[in-house]
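Q: A structural model of the following input is requested.
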Amino acid sequence: MSAELLHQVTESVIDEFASRVGELCDLVRIPGIAWEAFDASNLDKSAQAVRDLFASLEIFDSVEVVTAKIGDTDKDGSPAILAHRAAKNGKPHFLLYSHHDVQPPGPESDWQTPAFEPTVKDGRIFGRGAADDKAGIVAHVAALSVLKKIAGADFDLGLSVFIEGEEEAGSESFRNFLNDNKSALEADAIVVADSGNWTVEIPALTTTLRGVVTQPMEIQTLDHALHSGMYGGVVPDATLALIRVLASLHNEDGSVAVEGLTHSAAAELPYSEDALRQDSGLLDGVSTIGKGSLLSRVWTQPSITVIGMDTKPVAIASNTLLPSASAVISMRIAPGDDPEDAAEKLRAHILAHAPFGARVTFGPHQTGRPFASDTEGWAFKVAKDALGKAFGHESVEMGVGGSIPFIADLTEVFPNAQILVTGVEDADSRAHSPNESVHLDTLKGAIIAEALMLLNSNSLSRA
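A: This is a model prediction of the structure:
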């Protein structure tokens, strides 16, 4: 990669950056949330706005708003954007992915600035979706604009764009969308712009993601509620049984007690407990849990979180032994583990630890496969080099403790494609949380890196 090309790309990105920030702010103002409780018309507005951004580049043969059916139903999923341009002269084809839907904002009182009114402060843009994942959309648009400016509108690189509209709601129509549009989406390399960097100065490619098992359960001890004074101390209630079962899921040190799950080591990157406490907001005096390196605990070891419980609410508590209680367990599994096998092990553990002969029933579970990328392919090397040049610091390989379940669909439908997981987030982005934000210099670096990657790939022969 020549210094002249880096200079050209950097200057082009700087020239356009103010307008790209404006486009990001416009997108943040649209509260497109794919949950049933929210106004679906905002997703239509969001999809149209994104469609117009890609159409304005005038480089695609087609740019459309498209839907696919949810599972085996006749119900349409949320609107997505599909754009396509065929490769020429033996050049590679890239698929660029991000999503335009966002998480609900949560309580307004938790936000320091309005959730859907973007606010620039301290070098960051605050607002729901600013980082996750509308910045990814703008990074794609801006990088493609620079590609056109430097290589000309008749470049040979093949391009597809898929901007999903329901990622935060479980990607229910994702697999059907891939199957319906396979020929338009097929690519040599797929850029999933939905992750982050190691720091605002140090870029990263995400090479591992944990999978997920979400398991609802109900526990019963009685056929009806009882007076706690009349029967307490001799009859076990469901809340007691549930507490005992949930407590059994962790060892004394907080590590996962379910046997047979996969554990592995993580990349050796500098990460101190002080940094963890600052990033997570862990209170003074509260210890960490688990064993092994900090990064292995969040990247390559399983974890279990009780994400919901139904017992008697405190506000209407009465002196009653409850006959039943419920919980939803979210278990993250390490790369290399199988989610269905892990789900069976979780259920077996719960049944083995149900106290007092309590009856346990399980609701339908959901799974997402873990991911480990190919770090030896040509696309990975081109992307890693581009990130290093753009940020002035060698790119690192990092894991993410969260899951992107749809990547399993990408690997199954397009088994020969190299998948590059990139993004613009950092530890302070607070995706899914109040006061979400994106760091402007990191966004600029991400645009430069993607433009360099595309320009350099435009000079390669198809692998």
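Q: What segments of the stretch 201-350 of the chain are helices?
A: Assigned by DSSP state H, counting those that start in this stretch, the helices in the stretch 201-350 of the chain fall at 228-231, 238-247, 273-280, 294-299, 339-352.
Q: Comparing those helices by mean pLDDT, which bottoms out?
A: Lowest mean pLDDT within the helices of the stretch 201-350 of the chain: helix 273-280, a mean of 92.
Q: List the contacts of that one.
A: Here helix 273-280 makes contact (C-beta atoms under 8 Å, 6 or more residues apart in numbering) with 282, 288, 294, 427-428. Where you see a C-beta, it was placed from the backbone N, CA and C, and this is true even at glycine.
Q: Point out the ones among those residues that are inside strands.
A: Among the contacts of helix 273-280, DSSP state E puts none in strands.
Q: right, and the pair among those with maximum separation?
A: Distance extremes for the contacts of helix 273-280: the farthest pair is Thr288 and Asp428 at 19.9 Å, using C-beta to C-beta.
Q: Can you pick out the residue with more neighbours from those two?
A: Comparing Thr288 with Asp428 by neighbour count (other C-beta atoms under 10 Å), the higher total belongs to Asp428, at 18 against 14.
Q: Would you check that the more buried one makes contact with Asn435?
A: No - taking contacts as C-beta atoms under 8 Å, Asp428 lies outside contact range of Asn435: 9.3 Å.
Q: domains of this protein?
A: When the chain is parsed with automatic domain parsing, its domains come out as 3-209+370-457, 211-264+301-368.
Q: Mind putting these into a markdown table with distance to Asp274?
A: Formatted as a markdown table, the domains of the chain follow (distance: least, C-beta to C-beta, whole Å):
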| stretch | distance to Asp274 |
| --- | --- |
| domain 3-209+370-457 | 13 |
| domain 211-264+301-368 | 19 |
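Q: what's near enough to touch the residue lying closest to Leu157 once chain neighbours are set aside?
A: Leaving out its chain neighbours, the residue that sits closest to Leu157 by C-beta to C-beta, 6 or more residues apart in numbering is Asn458, at 4.2 Å. Listed by C-beta under 8 Å, 6+ apart, the contact set of Asn458 reads 91, 147, 151, 155-157.
Q: any idea which of those residues is closest to Trp35?
A: Nearest member of these to Trp35, counting by C-beta to C-beta, is Leu147, at 35.1 Å.
Q: what's the burial count for that closest one?
A: 26.
Q: With Ala342 as the reference, measure out to Asp72.
A: 25 Å (C-beta to C-beta, to the nearest Å).
Q: higher neighbour count, these two?
A: Per other C-beta under 10 Å, whichever of Asp72 and Ala342 has more neighbours is Ala342, with 25 against 7.
Q: isn't the more buried one right next to Arg332, touching?
A: No - if you go by C-beta under 8 Å, Ala342 and Arg332 don't touch, sitting 9.6 Å apart.
Q: tell me, what's touching the two both at once?
A: Counting by C-beta under 8 Å, 6+ apart, the contacts common to Ala342 and Arg332 are 211, 302.
Q: what residue ranges in the stretch 351-463 of the chain are flagged as low confidence?
A: 463 (pLDDT under 70).
Q: returning to what we had before: which ones among the contacts of Asn458 lie within helices?
A: 147, 151 (DSSP state H).
Q: top of the contacts of Asn458 by neighbour count?
A: That'd be Leu147 among those, by other C-beta under 10 Å, with 26 neighbours.
Q: OK, contacts around that one?
A: For Leu147, the contact set (C-beta under 8 Å, 6+ apart) comprises 59, 155, 157, 451, 454-455, 458.
Q: Also Val161?
A: 54, 60, 63, 81-84, 95-97, 140.
Q: Would you point to the one among the domains of the chain that's packed deepest?
A: Greatest average neighbour count among the domains of the chain goes to domain 3-209+370-457 (a mean of 20), per mean count of other C-beta atoms under 10 Å.
Q: what's near enough to touch Asp180?
A: By C-beta under 8 Å, 6+ apart, the contact list for Asp180 reads Ala68.
Q: re the thing from before, quick check: the residue nearest to Leu157 vs Gly377, distance?
A: Distance, Asn458 to Gly377, by C-beta to C-beta: 17 Å.
Q: go on, Gly106?
A: Taken as C-beta to C-beta, the span from Gly106 to Gly377 is 39 Å.
Q: Please apply the same query to Arg430.
A: 32 Å.
Q: what does Leu420 give?
A: Per C-beta to C-beta, Leu420 is found 9 Å from Gly377.
Q: Overlap in contacts, the two.
A: Here Leu420 and Gly377 have Ala189 as joint contacts, going by C-beta under 8 Å, 6+ apart.
Q: who's in contact with the residue most central in space within the chain?
A: By C-alpha atoms, centre = their mean, the chain has its centre lying nearest to Ile404, at 4.9 Å. The neighbours of Ile404, taking C-beta under 8 Å, 6+ apart as the test, are 192, 194-195, 209, 368, 371, 421.
Q: Brilliant, that's me finished.
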